[in-house]
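**Student:** Need coordinates for the below:
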Amino acid sequence: MGNTLESRNLTMLMDFYELSMANGYFTNGMQDKVAYFDMFFRRVPDNGGFAIMAGLRQLIDYLKNLKFTQKDLELFAKKGFNEDFIDYLRNFRFSCEVWAIPEGTPIFPGEPIITVKGPVIEAQLIETMVLLTINHQSLIATKANRLKRAAGDRIIMEFGSRRAQGYDAAIYGARAAYIGGCDATACAIDERDFGIPAVGTMAHSWIQLFGDELEAFCAYARQYPDNCTLLVDTYNVLKTGIPNAIEAFKREVLPRGFRPKGIRIDSGDITYLSKKARKMLDDAGFPDCKIVASNSLDEIIIRDMLMQGAQIDSFGVGERLITAASAPVFGGVYKIVAVEEDGVPVPRIKLSENVQKITTPCAKKLYRLFDKESGKALADVITLIDEELDGIDSYELFDPVYTWKRKTVTNIVAKPLLVKIFDKGESCYQSPDIKDIKKFCNEQVDTLWDEVKRFENPHTYYVDLSQKLWAEKKRLLDEYAKKG
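**Tutor:** Just a heads-up that it's a prediction; the model follows:
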């Protein structure tokens with residue numbers, strides 16, 4: 001299956017300060033210092049209850065192809081970098097260990113979704129692409145999942161390529177949208193490269209090119225009698241669009257032994273028009289003809305339309321999906337959490353006047369606790385790297401801030417979420433097929449309680465620290481407090 005990243009060397013897609021720091025690390029003899037970095041995010045877009053992990057396949061492809069070109073090295077020389085450092089980059093080989101949460105998994109604020117361990121220069125240089133890749137696709141997958149939940153069992157199609165913020169955003173946004181829940185895309189390259197179904201019929205220009213709307217419909221129906229969906233709002237949906245569509249179906253589709261697939265409404269009061277259209281199609285003998293809606297839709301509009309009785313079978317969502325217009329920033333960050341001393345990870349913490357920006361130190365693991373009886377996810381627990389929750393049947397959860405709030409959950413199973421994707425710089429993870437990722441996403445979202453999936457005021461899903469990790473974080477906070 002094709003991969004757009006394979007034809008480009010994106011090693012230099014990084015913030016320049018990563019290179020400045022790397023040059024400084026090297027000059028100070030720290031190139032072999034082993035550090036741990038975590039990627040995590042602080043807030044779910046749209047104030048939702050959870051996000052969807054996506055973009056891992058592209059991050060793997062990037063990490064597998066890291067190399068600096070002669071042109072890159074010449075730039076470093078112009079910038080006055082250490083000559084030995086430039087030689088180091090000339091022979092650069094990625095050697096880090098990387099863990100990640102698999103694509104399609106629901107993720108929550110504050111937990112490590114990517115962990116990188118390795119020489120600090122290497123771990124630092126990949127910061128931008130780790131964030132860029134995961135932030136973008138997780139943002140779009142999260143938005144798509146909200147749309148799919150609003151539509152229920154109706155089809156959602158991604159229609160946003162022309163409004164995306166660049167061609168990579170169109171290509172990988174469509175991929176992420178499919179993972180999150182979309183059933184198809186209008187972006188043709190995504191079917192070629194990823195196997196995502198590409199769909200599309202006509203624009204208003206098709207109808208306008210012909211002298212008459214009925215003539216345009218009949219010409220299209222003759223061309224595609226087995227897959228005929230007609231756009232009915234070029235002139236007047238109820239007075240001409242639907243009557244002409246019905247006539248074209250009778251003249252060109254039925255005589256060829258097929259049934260019409262649908263009509264699409266792209267403007268006006270779509271809820272009202274869909275109700276009228278449904279009756280007109282039913283009365284004409286086409287109860288199986290689907291109604292497609294498009295035109296600046298989002299999950300709130302879709303939810304409200306359906307609550308008002310809209311007779312719509314599928315939705316095409318463009319700009320508000322591909323740009324995640326209502327909350328266009330995912331906000332993942334990449335922070336150092338430990339540095340090895342004599343082979344032992346020593347914690348590092350970042351303090352801030354903004355409490356939300358205080359990091360959770362230490363090399364860590366991440367577990368999800370499931371109720372054995374219902375299969376529902378109860379909470380996530382971040383532990384120290386040497387803690388094991390495998391095989392436990394009960395666990396005491398506590399609020400990391402209001403520590404007197406405690407609850408023991410029983411009859412549970414703890415499953416580790418982070419999967420190793422690179423071992424000593426070599427890829428050791430096989431990305432699933434895109435359809436399997438989409439199926440996995442749907443299954444994992446089903447493990448969440450409905451209260452967590454609400455659009456407004458969702459129930460807070462708790463990400464707890466183990467007692468040992470909390471104690472280590474508190475120790476560091478107290479230590480720095482004493483230093484003033």
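**Student:** Identify the residues contacting Ala325.
**Tutor:** By CB atoms under 8 Å, 6 or more residues apart in numbering, the contact list for Ala325 reads Asp298, Glu319. Glycine gets a C-beta too; all of them are placed from N, C-alpha and C.
**Student:** hmm, 10 Å instead?
**Tutor:** Lys143, Gly160, Arg163, Ser296, Asp298, Gly318, Glu319 (CB atoms under 10 Å, 6 or more residues apart in numbering).
**Student:** do the same with Ile270
**Tutor:** 233, 237, 277, 291, 293-295, 297, 301, 305, 310-312, 315.
**Student:** So which of those wins on neighbours?
**Tutor:** When neighbours are taken as other CB atoms under 10 Å, the top entry among these is Phe315 (30 neighbours).
**Student:** Just the closest of the contacts of Ile270 to Trp404, please.
**Tutor:** Ile301 (43.1 Å; CB to CB).
**Student:** Am I right that the closest one is in contact with Arg320?
**Tutor:** Yes - at 8.6 Å, Ile301 counts as touching Arg320 under the criterion of CB atoms under 10 Å.
**Student:** Mutual contacts of those two, please.
**Tutor:** Joint contacts of Ile301 and Arg320 (CB under 10 Å, 6+ apart) are Leu147.
**Student:** Filter the contacts of Ile270 down to just the ones in strands.
**Tutor:** Using DSSP state E, the members of the contacts of Ile270 that fall within strands are Ile291, Ala293, Phe315.
**Student:** ok, back up a step: and of the contacts of Ile270, the nearest to Pro400?
**Tutor:** After measuring these against Pro400 - CB to CB - the closest member comes out as Ile301, at 37.3 Å.
**Student:** Per-residue confidence at the closest one, what does it come out as?
**Tutor:** At Ile301, the model reports a pLDDT of 98.
**Student:** can you check Thr4 too?
**Tutor:** 54.
**Student:** can you check Arg149 too?
**Tutor:** pLDDT for Arg149: 98.
**Student:** Ok, Asp72 next?
**Tutor:** 97.
**Student:** so when I look at it, I'm seeing a helix, right?
**Tutor:** Yes - applying DSSP: H, G, I helix; E, B strand; the rest coil, one finds Asp72 inside a helix.
**Student:** quick revisit: if we only consider the contacts of Ala325, which is nearest to Ile385?
**Tutor:** Among these, and counting by CB to CB, the member closest to Ile385 is Lys143, at 33.2 Å.
**Student:** list the contacts for the spatially closest residue to that closest one that is not a sequence neighbour?
**Tutor:** Excluding its sequence neighbours, the residue lying closest to Lys143 (CB to CB, 6 or more residues apart in numbering) is Ala324, at 4.5 Å. Each residue near Ala324 by CB under 10 Å, 6+ apart is listed here: 45-46, 136, 139-144, 146, 160, 173, 176, 298, 330.
**Student:** for Ala324, helix, strand, or coil?
**Tutor:** Per three-state DSSP, Ala324 ends up coil.
**Student:** how about it, phi and psi?
**Tutor:** phi 50, psi 60 (degrees, to the nearest 10).
**Student:** quick one on the thing from earlier: turn the ones in strands among the contacts of Ile270 into a markdown table, columns for pLDDT and distance to Phe210.
**Tutor:** What follows is the ones in strands among the contacts of Ile270, written out as a markdown table (pLDDT from 0 to 100; distance: CB to CB, whole Å):
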| residue | pLDDT | distance to Phe210 |
| --- | --- | --- |
| Ile291 | 98 | 23 |
| Ala293 | 98 | 24 |
| Phe315 | 98 | 27 |
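**Student:** which one of the residues you listed sits closest to Ala203?
**Tutor:** Ala293 (15.9 Å).
**Student:** what's the weakest-modelled helix or strand in this protein?
**Tutor:** helix 467-483 (a mean of 93; mean pLDDT, DSSP states H and E).
**Student:** helices or strands up against that one?
**Tutor:** If you count contacts as 3 or more CB pairs under 10 Å, 6 or more residues apart in numbering; DSSP states H and E, helix 467-483 packs onto strand 344-347, strand 377-384, strand 394-398, strand 463-465.
**Student:** Flag every buried residue along that helix.
**Tutor:** Leu469, Trp470, Glu472, Lys473, Leu476 (16 or more other CB atoms under 10 Å).
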